[in-house]
Every structure is written in C-alpha cells, then in structure tokens.
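Trainee: Got a predicted structure plus its sequence, pasted below:
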Amino acid sequence: AAKAKRAVGIGGGFIGMEVGAVLAQSGIAVTMVLGEDRVSKRLFTPRMSRFFENYYEARGVQFVTSATVTELRGGEAVDTVVLADGKTIPCDLVVAGVGVTPVTDLLDGSGLAVAVGLVVNEYLETSQPAILAAGDVANYPDLLFEKRRRVEHWDNAVSQGQHCARAVMGERAPFRHVPYFFSDVFDLSYEYWGDLADAEETIHRGDLSTNSFSVWWLRKGRVVAAFVMSRPDEERDAAPKWIENKQPVSAAKLADASLPVAQAEQTN
C-alpha cells in the first residue's frame, strides 16, 4: 500500500469496509467491488448500507455493486481487475475480503471431531475432554441462540481463552457469551451484538442522516441483535444485557430517541 495509487477491494463485509477506509485515508483511490447490491448486506439494513455508502463516497471511495471479478491481469504485478460484464478497473493493488474456509487437515487422524473447525461442547471441551479449544478454531454451541457457531473475532477468542483458563484451574461451567464485534472505519466506530438471523422486526433509533444512531432487531418482542454507533452509553450497556436476558421491549418506545432507552423495557 505504501507505493499504491489505485486499489480495488473485493468484498463489502466489515473486513472489506475496514480495508477500504484505511486505503482511502492513505490517499489511495479506492474502488470496492461488491457481489451484492449493497455493502454488508448480511448484517446491515438497507438504510444502514445507504448511510455507509454515502459516507464512503463522500471520502472518494467508489462502489461497483452486483459484480463478479473474473480475472486479475498484469505482468510482474496486478494492473487490471476484470469483471464478468467485461468492464475493467485499473489498479496496482487488490485486496480480497470475501470470507475464508478453515484449514483443518492437520487434525486428520487426531481423534478429535472436526466440522468446520474443532467441535466442542458447551464447556469448550473437544471430543477428547482433556483437550479444550478456543477462538476461531472452536465450533461451539451458543447456548443463548441455541445453535452452533464458529466466530472469527478477537472478542470471542479472548472470552473463550479466559473460559478455558478457568477450566484448567478447576472451574467447570458452560460458556455463555453474547456474540460481539466492533469495527472502526474512517472516524466512525460501531459495535454489534447478537444474531439477527431469526429477527422479525427492525427498529432504527436516532437519525440515520448523521453518524449517531442505533439499530435493534427483535424476535417475539425481545432483542436478538443490536448495532450502536456514537450513542449514549446506556444503549451500549442495554444491548448485551437485553440479549442475554431475553428482555421484552416496547418497539414504539425503543424507536423514540427522545426517551431513555431503559423506558423501552417491559415486564414478562
């Protein structure tokens, strides 16, 4: 990147968004190629995607949406990205942030159960109880959302690592943790908790034309996921607590940013 003038980022997830912001801040002309019609479609609502796309475009980043990269051309170094529709994008740096597949071949024949990572139980024990697994490698049962997941973020690795340390010292307790990650792009910093996969309702709180808003996903009147950016600490504190406690909330009060977020709580 130190010598690059034009860069192409492939992928519009949070890794792609972070890389695009860093390169643009370094004075590099950035074009982001997305396979979908908007950024971070898996995690963002259309209104959220629109906010971030506008924010990036105002800082010189260009987007090419619903596109597929078919070829990288160049001599000793890449100089062109070719798209499926035949269009070309000149560049001297390409960064692909399109997801990863875990490599588990080294575990073949180990006797440990493997399925998209090392399979562990609720205590983070592998199929051989004396062996624990933590972090990106661990395919664990999420007790809060009643599904298996494997998380690639440092918060999960830290939390599971600490849990394993307590287990080594003799404590045997199930691992319960609200999924969490954060991201910093340009001068923005946001946090995300939970799992929106089964959400039935989405609440936008605050002004999405500014950089201060939060988004809440509900299922059966309870918060299952939350996004918070530049909001009062009470919203940051409420998000993981509500998700873990399966707190019922009033959608109308949650949407009203003039009310303290605590007023959205309802009794069971």
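Mentor: Thanks, I have the structure now. Keep in mind the model is a prediction, meaning the values are calculated, not measured. Residues are numbered from 1 along each chain as shown.

Trainee: how much space between the residue nearest to residue 222 when sequence neighbours are not counted and residue 266?
Mentor: Nearest-residue entry for residue 222: residue 246, 5.0 Å, with adjacent residues in sequence omitted and distances by C-beta to C-beta, 6 or more residues apart in numbering. C-betas here are computed from N, CA, C, even on glycine. As judged by C-beta to C-beta, to the nearest Å, residue 246 and residue 266 stand 12 Å apart.

Trainee: Next: residue 76.
Mentor: To residue 266, residue 76 is 64 Å away according to C-beta to C-beta.

Trainee: Give me the more crowded residue out of the two.
Mentor: Comparing residue 76 with residue 266 by other C-beta atoms under 10 Å, the one with more neighbours is residue 266, at 12 against 5.

Trainee: From residue 236, how far off is the more buried one?
Mentor: As judged by C-beta to C-beta, residue 266 and residue 236 stand 20 Å apart.

Trainee: Report the buried residues of stretch 145-155.
Mentor: Residues of stretch 145-155 classed as buried by neighbour count (16 or more other C-beta atoms under 10 Å): 145, 150-151, 153.

Trainee: Redo these as a markdown table? Include distance to residue 23 and secondary structure.
Mentor: Shown next, in a markdown table, are the buried residues of stretch 145-155 (distance: C-beta to C-beta, whole Å; DSSP: H, G, I helix; E, B strand; the rest coil):
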| residue | distance to residue 23 | secondary structure |
| --- | --- | --- |
| 145 | 35 | coil |
| 150 | 28 | coil |
| 151 | 26 | coil |
| 153 | 22 | coil |
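
Trainee: Closest to residue 21 out of those?
Mentor: Distances from residue 21 to these, taken as C-beta to C-beta, are shortest for residue 153 (17.8 Å).

Trainee: What does the closest one show for phi and psi?
Mentor: When read as degrees, to the nearest 10, the backbone of residue 153 gives phi -150, psi 150.

Trainee: pretty sure it is in contact with residue 181, am I right?
Mentor: Yes. Counting by C-beta atoms under 8 Å, residue 153 touches residue 181, with 4.4 Å between them.

Trainee: give me every residue that touches residue 123.
Mentor: Listed by C-beta atoms under 8 Å, 6 or more residues apart in numbering, the contact partners of residue 123 are 167, 172-175.

Trainee: ok, which stretches of the stretch 101-250 of the chain are helices?
Mentor: For the stretch 101-250 of the chain, the helices defined by DSSP state H, counting those that start in this stretch cover 154-168, 233-245.
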